[in-house]
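Colleague: turn this into a structure:
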Amino acid sequence: MSRFFQLIFFVTGITFPWSPLTKTRGRLEYATVPPEANDPQASELLVTNQTVEPVLLETDFADLELYASGKVRDLYRVDNEHLLFVATDRISAFDYVLASGIPHKGCVLTQLSLFWFEFLGDIVPNHLVTADVNRYPAPLRRYAQELQGRSMLVVRADMIAIECVVRGYLSGSGWKEYRERGTVCGIELPPGLRESDKLPQPIFTPAVKATSGHDENISFEEMAERAGRKLSGQLRELSLKIYRKAAEHAARRGIIIADTKFEFGRTARGLVLADEVLTPDSSRFWPAGRYQPGGPQESFDKQFVRDYLEKIRWNKQPPAPALPAEVVQETSEKYLEAYRQLTGRELPLPRNRRNGSVQQ
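Modeller: I've put the predicted structure just below:
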């Protein structure tokens, strides 16, 4: 197996000895225990699945400069103007990275972002240079097998440190605030709305990263103080325009985009859409055919994982639990189905990943 990246296989009937894992990389801490950790007799983790599923948890390109490592993506510096984005199969919940990767997740995030970059190109430019590994600079092409399908070469942007959130439906932290005060990020809403109700019109609700790592909602006025009123107005207008176009497309494909967040940066081209766009990690996707306002909704995003963690009453403190094989598999299927419905095509899996095989 390649020494340049770490793969975990989920295989029927194989038992893996378990020892608690705490791993630090950059500013990320991977601290995990198996679901049976509360049982003092538990000494091993049984992983069962019907197929061999390779999962990429960490990249390690020794001769490339690691620029940053996030909860899902590893970023490498290519030169002064360009970065390499690599989407792993890591999954996080409640601000912790879990031990269990989700098969094909990194490819879904990358390929769906590429779809939206093209679809939204008439509204806003983006930071993409190419996702064709054959067009990467020579030092990157030597890792083509590992990068295929899950990476992007992008222009390095001066990122704006505000997440541009658009909500079309009342859910999540917005629903919590509405129940308490009748507002979402200070925006007054009509009385009597239920959880998951469609809002009279989409609203722009910016957020920032708190020192704890959590997203913290802020008002538009606070955003204007931080980023300037002119820029804030531009970002609000762009975000709402992007959301409306994407939501209309998704509705035709049987998916409700309840809310989503965008990130923008500045390059020589001006404001650009950057990072990931309208993926199951950055959005709430609901199947339109099963939409029933008045409570939580079925989803195509990682809410399924959050629901499992709530069910086992994890206290949201490290170490984070691993996921059972059935939760891993169903989450993978949800990501794949979101891609299929939104794009109308099957995910183009790299040749070395088809049928669960990995070329040596």
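
Colleague: in three-state terms, how would Pro348 be classified?
Modeller: Using DSSP: H, G, I helix; E, B strand; the rest coil, the secondary structure recorded for Pro348 is coil.

Colleague: measure it to His104 for me?
Modeller: When distance is defined by CB to CB, to the nearest Å, Pro348 is 11 Å away from His104. Just so you know, the C-beta spots here come from the backbone N, C-alpha and C atoms, and that holds for glycine as well.

Colleague: between those two, who's got more neighbours?
Modeller: For Pro348 against His104, the residue with the higher neighbour count under other CB atoms under 10 Å is His104, and the figures read 24 against 11.

Colleague: my read: the more buried one touches Ser332, true?
Modeller: Yes: with contact taken as CB atoms under 8 Å, His104 and Ser332 are classed as touching, separated by 5.8 Å.

Colleague: sheet-wise, list the partners of the helix or strand hosting Asp259 with their directions.
Modeller: Here Asp259 sits within strand 255-267, counting by DSSP states H and E. Each strand pairing with strand 255-267, determined using DSSP bridges, is listed with its direction: strand 158-159 (antiparallel), strand 164-169 (antiparallel), strand 270-274 (antiparallel), strand 283-287 (antiparallel).

Colleague: ranges for the helices of the protein?
Modeller: Taking DSSP state H to define them, one finds helices in the chain at 105-119, 138-141, 144-147, 172-181, 220-227, 229-252, 303-311, 325-343.

Colleague: ok, and which of these has the densest surroundings?
Modeller: Comparing the helices of the chain by mean neighbour count (mean count of other CB atoms under 10 Å), helix 105-119 comes out on top with a mean of 22.

Colleague: so that helix versus helix 325-343, what angle?
Modeller: Helix 105-119 runs at 10 degrees relative to helix 325-343, counting by axes from the mean of the first three to the mean of the last three CA atoms, to 10 degrees.

Colleague: now for helix 105-119, which elements pack on it?
Modeller: The elements that helix 105-119 packs onto, with contact taken as 3 or more CB pairs under 8 Å, 6 or more residues apart in numbering; DSSP states H and E, are strand 82-87, strand 151-155, helix 229-252, helix 325-343.

Colleague: the same query, at a cut-off of 6 Å, please.
Modeller: Using 3 or more CB pairs under 6 Å, 6 or more residues apart in numbering; DSSP states H and E, the elements in contact with helix 105-119 are strand 82-87, helix 325-343.

Colleague: excluding its backbone neighbours, what's nearest the residue positioned nearest the centre of the chain?
Modeller: Compute the mean C-alpha point of the chain, and by CA atoms, centre = their mean the closest residue is Asp281, 2.6 Å away. Spatial nearest neighbour of Asp281, chain neighbours left out: Leu109 (6.1 Å); criterion: CB to CB, 6 or more residues apart in numbering.

Colleague: now do stretch 84-100: distance to the chain's middle.
Modeller: Distance of stretch 84-100 from the chain centroid (CA atoms, centre = their mean, to the nearest Å) equals 8 Å.

Colleague: kindly export that stretch (C-alpha atoms) in CSV.
Modeller: This file holds the C-alpha atoms of stretch 84-100, laid out as CSV (Å, rounded to 0.1, in the frame of the first residue of the first chain):
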residue,chain,number,x,y,z
LEU,A,84,-3.7,22.0,-3.4
PHE,A,85,-7.0,21.1,-1.7
VAL,A,86,-7.4,17.4,-0.8
ALA,A,87,-10.7,16.2,0.6
THR,A,88,-10.2,13.2,2.9
ASP,A,89,-13.0,10.9,4.1
ARG,A,90,-12.8,12.2,7.7
ILE,A,91,-16.1,13.2,9.3
SER,A,92,-16.5,15.5,12.2
ALA,A,93,-19.5,16.1,14.6
PHE,A,94,-19.8,18.7,17.4
ASP,A,95,-16.4,20.0,16.5
TYR,A,96,-14.5,16.6,16.9
VAL,A,97,-13.1,14.5,14.2
LEU,A,98,-14.3,10.9,14.5
ALA,A,99,-12.1,7.8,14.1
SER,A,100,-14.4,6.4,11.4
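
Colleague: mind listing residues that contact that stretch?
Modeller: Under the contact criterion CB atoms under 6 Å, 6 or more residues apart in numbering, stretch 84-100 has outside partners 30, 32, 55-57, 59, 71-76, 78, 101-102, 105-106, 109-110, 150-154, 213, 305-306, 309, 316, 320, 322-323, 328.

Colleague: which stretches of the stretch 251-360 of the chain have low pLDDT?
Modeller: 350-360 (pLDDT under 70).

Colleague: picking that back up, and the strands paired with strand 255-267 as TSV, adding distance to Leu114 and mean neighbour count?
Modeller: TSV is the format used below for the strands paired with strand 255-267 (distance: least, CB to CB, whole Å; neighbours: other CB atoms under 10 Å):
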stretch	distance to Leu114	mean neighbour count
strand 158-159	19	12
strand 164-169	20	24
strand 270-274	12	20
strand 283-287	16	23
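
Colleague: out of the ones you listed, nearest to Phe262?
Modeller: Comparing the strands paired with strand 255-267 by their distance to Phe262 (CB to CB), the top pick is strand 164-169, with 4.4 Å.

Colleague: now Glu216, nearest residue through space, not along the chain?
Modeller: Ala210 (4.3 Å).

Colleague: same check, this time on Thr130
Modeller: Counting by CB to CB, 6+ apart, Thr130 lies nearest to Leu153, which is 5.3 Å off, once chain neighbours are set aside.
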